[in-house]
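Undergrad: Okay, predicted coordinates and the sequence, questions at the end:
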Amino acid sequence: MGRFTGILGLLTMLGLAYAFSTNRRAIRLKTVAWGLGLQIAFALFVLKADIGRRIIGHPYHRVVNRSRSDLSDQIRLGCQFFPDEQRVSIKLVRFLIATGL
């Protein structure tokens, strides 16, 4: 199932966009297909091509991991300002930030 998580996410986003669209007739399938095709081509370039991994893969992962670590440290420090009975779970705060809420 782990291999198909990205595809499931893409299909979910497309389904939600279609479901909440107010003008479904204005959706051009050609434009959607081009966007998905470019996204898949870029993913294959980064994941499969050696030059893609060297150019984009490794530096990007270092930046993301460092940013995630810094954010986690800031969350932990911020949560310490609250008294114990009002303290918010660090896991809850991370989840809210990850989901964009």
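TA: That came in fine, so what should we check first?

Undergrad: CA only for contacts and neighbour counts going forward, please
TA: OK.

Undergrad: Leu8: neighbouring residues, count only.
TA: 13 (other C-alpha atoms under 10 Å).

Undergrad: just checking, next helix/strand downstream of the host helix or strand of it?
TA: Element membership for Leu8 (DSSP states H and E) is helix 5-19. Remark: after helix 5-19, the chain's next helix or strand is helix 29-48, criterion DSSP H and E.

Undergrad: Show me which positions of that following helix end up buried.
TA: Phe45, Val46 (16 or more other C-alpha atoms under 10 Å).

Undergrad: tell me the angle of it relative to helix 5-19?
TA: 160 degrees (axes from the mean of the first three to the mean of the last three C-alpha atoms, to 10 degrees).

Undergrad: Looking at helix 29-48 now, give me its mean pLDDT.
TA: What helix 29-48 shows for mean pLDDT is 88.

Undergrad: Kind regards, and thank you for your time.
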